[in-house]
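Q: The following block contains a protein sequence and its predicted model.
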Amino acid sequence: MQQVFSAIFCDGQSPVEESVQASFIQGQWIIQRVNAPSLTWTMAELHWEKQPNAVLYTHRKTDATLLVSGADLANLPGLDALDKVRGSRKNAVIAGLLASVIVLVTLLIMGMRPLSRGIASSISPERERQLFASLLPETFFEKHGCHDMQANEILAELGQKIRPQDANAAPIDFMLLDWDMANAFALPGRKIAVTTGLLRRIHSSEELLAILGHELGHVELRHNLSEFIRASLSGFAWGVLVGDFSGAFVVDPSLMKQAGEMALSREMEEEADHFGAERLVATGYSPKALASALDAITMREDDKEETHAILRFLKPVLDIFSTHPETSKRVASLRESYPQPEGKEALSLQSWNILRTACEKAPAEDDD
């Protein structure tokens, strides 16, 4: 089948252009010139490229060109193959870019935690307290803190009992929250919070001491600080990838959620477990209290809902610092690694009862 097109021809030796008739017959271009012999080009001799509303064919040996325009470009020879090649090249480029991004993100994730732990270890505890003094606003504690002064004093004294006796150590703030959920968590700034719901779920003051020892491990080993730094670095790295630096250096709890989709690593949890167990042994208490307390501190689904309902903006913080995965394996490890002597109470019965009943809502009066 013969196809005839109007075209512009250049001989490749001069800039002069001439209008020609070009026919495509049986895989060959026949170029009919006005004042010169006709030319026959096979497709194998040509290189071609698509231009706006035209196709430019170039003879490989002579550099002569044939510009075909004003035609149905879809019917011009060679374009199907050209589009396929370009499509495959485009797909290859996209696939290469995606693979590069995946490799880069993987390397960032792998290196982020060691880097963040190194940065955290370089920040003194005193400086940490200064940097994060306002991480949780006073209005939060005014609304959700348990304001039973005696109970808070007992909690603080119990926390000091499990701490190493170092007069120069930076202070740690122990606080009681009036929440029904059962949980305890550490925050940057050397803060440890315990909920009233946890006090009513655990079985003894020794278990509470064990929980405080575990959370103390997170504080002293700089786990919560390093995770906060890792989340911030992740936000910055994402800004590098997508070209948005607007929030890279803003201390915002929402940054913490990005890193908090996965909780503290298994390594960190195990380190805090062993720190707490060793503190229990050093102070004359049984590590088995920590094993039995882990079930109490593990967040239940109803606790998560309660947390979300009480304070939505703090949930990213809890997502990072309060999840304790693989409880059964951690309990088994504690039982295998430490002697299990009989336990003993860490508080007097009177002090334990004050803590257990702190901020307890009075029962509703009968209507009768």
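A: Sure thing, it's come through. Everything numeric here is computed off the predicted structure, so don't read it as measured data.

Q: So which bits of stretch 267-278 are buried?
A: Going by neighbour count (16 or more other C-beta atoms under 10 Å), the buried part of stretch 267-278 is 268-278. From N, CA and C alone the C-beta is placed, and that goes for glycine too.

Q: just those residues now: which is nearest residue 9?
A: residue 268 (74.3 Å; C-beta to C-beta).

Q: pLDDT weak spots in the chain?
A: 1-2, 70-75, 78-92, 101, 104-110, 134-138, 167, 235-264, 296-326, 361-368 (pLDDT under 70).

Q: ranges for the strands of it?
A: 3-10, 18-25, 28-32, 39-42, 46-51, 54-59, 65-69, 173-177, 184-187, 191-195 (DSSP state E).

Q: So which of those is nearest residue 338?
A: That would be strand 184-187 among the strands of the chain, by C-beta to C-beta, at 20.6 Å.

Q: next one: that closest one to chain centre, how far?
A: Centroid displacement of strand 184-187 relative to its chain, using C-alpha atoms, centre = their mean, to the nearest Å, is 19 Å.

Q: what pairs with it, and is each one parallel or antiparallel?
A: strand 191-195 (antiparallel) (DSSP bridges).

Q: Tell me what angle the partner strand forms with strand 173-177.
A: Strand 191-195 and strand 173-177 meet at an angle of 20 degrees, taking axes from the mean of the first three to the mean of the last three C-alpha atoms, to 10 degrees as the criterion.

Q: out of the buried residues of stretch 267-278, which are inside helices?
A: 268-278 (DSSP state H).

Q: hmm, back to that, including distance to residue 99, could the buried residues of stretch 267-278 go into JSON lines?
A: Shown next, in JSON lines, are these (distance: C-beta to C-beta, whole Å):
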{"residue": "268", "distance to residue 99": "31"}
{"residue": "269", "distance to residue 99": "33"}
{"residue": "270", "distance to residue 99": "34"}
{"residue": "271", "distance to residue 99": "35"}
{"residue": "272", "distance to residue 99": "37"}
{"residue": "273", "distance to residue 99": "39"}
{"residue": "274", "distance to residue 99": "40"}
{"residue": "275", "distance to residue 99": "41"}
{"residue": "276", "distance to residue 99": "43"}
{"residue": "277", "distance to residue 99": "44"}
{"residue": "278", "distance to residue 99": "45"}
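
Q: tell me which of those residues is nearest to residue 161?
A: residue 276 (12.8 Å).

Q: Can you give me the distance of that closest one to residue 218?
A: According to C-beta to C-beta, to the nearest Å, residue 276 stands 9 Å off from residue 218.

Q: Residue 178 too?
A: As for residue 178, its distance to residue 218 is 22 Å (criterion: C-beta to C-beta).

Q: Looking at these two, which is more packed in?
A: residue 218 (25 against 18; other C-beta atoms under 10 Å).

Q: Mind listing the residues bridging to the closest residue in space to the more buried one that isn't next to it in sequence?
A: In this structure, residue 218 finds its nearest non-sequential neighbour in residue 186, 4.2 Å apart by C-beta to C-beta, 6 or more residues apart in numbering. Under DSSP bridges, the beta-bridge partners of residue 186 are residue 192.

Q: how deep is residue 186 tucked in, by neighbour count?
A: The number of residues packed near residue 186 is 26, by other C-beta under 10 Å.

Q: ok, it touching residue 194?
A: No - using C-beta atoms under 8 Å as the test, residue 186 is too far from residue 194 to be in contact (10.5 Å).

Q: picking up where we left off before, do you know which of the strands of the chain lies nearest residue 229?
A: strand 184-187 (13.6 Å).

Q: Residue 154 touches residue 347, doesn't it?
A: Yes - with contact defined as C-beta under 8 Å, residue 154 counts as touching residue 347 (6.8 Å).

Q: what touches both of the two?
A: Residues touching both residue 154 and residue 347 (C-beta atoms under 8 Å, 6 or more residues apart in numbering) are residue 355.

Q: I'd say residue 290 and residue 334 touch.
A: Yes - A contact is recorded between residue 290 and residue 334 when judged using C-beta under 8 Å, the distance being 5.9 Å.

Q: Please identify every residue contacting each of the two.
A: 273, 277.

Q: When the two are compared, which one has more neighbours?
A: More crowded of residue 290 and residue 334, by other C-beta under 10 Å: residue 290, with 28 against 24.

Q: nearest residue to the more buried one other than its sequence neighbours?
A: residue 210 is the one closest to residue 290 (C-beta to C-beta, 6+ apart), at 3.7 Å.

Q: Now for that neighbour: which residues touch it?
A: 276-277, 280, 285, 287, 289-290, 293.

Q: Let me have these in a markdown table, adding distance to residue 6 as columns.
A: Formatted as a markdown table, the contacts of residue 210 follow (distance: C-beta to C-beta, whole Å):
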| residue | distance to residue 6 |
| --- | --- |
| 276 | 87 |
| 277 | 89 |
| 280 | 93 |
| 285 | 97 |
| 287 | 92 |
| 289 | 93 |
| 290 | 89 |
| 293 | 88 |
